[in-house]
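1. I'll drop the sequence and a predicted model, then ask my questions.
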Amino acid sequence: MVILAVFLSTTALSASVFAADKTWTGASGTDWFVPGNWSGGTLPGSSDGAVIDGANPAVIGGLPATVDTLKVGTTGLSTPTLTINNGSSLTATGARIGYGAGISGALLVNGTGSNLTL
């Protein structure tokens, strides 16, 4: 019985470490680093997934960003766009552009020093 209790406690703790996807709304403009542009009002971090989907474009400019996963285009209702420019960077462990059959998305990397690292 003691082993079972320890296992359940460990499972509960590790489940709380993982964060949910943060979805781009673009409600406050195009700047990736404005919390009001993301669902829940918080920026995605290195353990979060970032979902860009909708008509409002997202722009990473001037600062580096890191997320766990990136999805650009998940519903097919529009063609969402993420732009990395002004020497900025985005690092992600994985990315999907146009997440599904017939769904599209755009990822633009513009300017000297701008990059996407997967």
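-> In hand now; what should we look at?
2. let me see the confidence value for the closest residue to Gly87 other than its chain neighbours.
-> Residue nearest to Gly87 in three dimensions, not counting chain neighbours: Gly113, with 3.6 Å by C-beta to C-beta, 6 or more residues apart in numbering. In short, each C-beta sits where N, CA and C put it, glycine included. With respect to pLDDT, Gly113 has a value of 95.
3. then Pro44?
-> pLDDT for Pro44: 97.
4. try Gly102
-> For Gly102, the model assigns a pLDDT of 89.
5. please give me every residue in contact with it.
-> Gly76 (C-beta atoms under 8 Å, 6 or more residues apart in numbering).
6. element containing the residue most central in space within the chain?
-> Nearest to the mean C-alpha position of the chain, by C-alpha atoms, centre = their mean, lies Ala50 at 1.5 Å. Using DSSP states H and E, Ala50 sits in strand 49-52.
7. and that strand, what does it pack onto?
-> Here strand 49-52 touches strand 22-23, strand 64-72, going by 3 or more C-beta pairs under 8 Å, 6 or more residues apart in numbering; DSSP states H and E.
8. can you pull out the residues in contact with the longest one?
-> For strand 64-72, contacts defined as C-beta under 8 Å, 6+ apart pick out 21, 32-33, 44-53, 80-82, 88-99, 105-107.
9. repeat that for the shortest one.
-> Where contact means C-beta under 8 Å, 6+ apart, the residues beyond strand 22-23 that reach it are Trp38, Ser39, Gly40, Thr42, Leu43, Pro44, Asp48, Gly49, Ala50, Val51, Asp53.
10. among the residues you listed, the buried ones, what's the ChimeraX command?
-> The following ChimeraX line selects those of these that are buried, judged by 16 or more other C-beta atoms under 10 Å:
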select :38,43,44,48,49,50,51,53
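11. with that, I have no additional questions.
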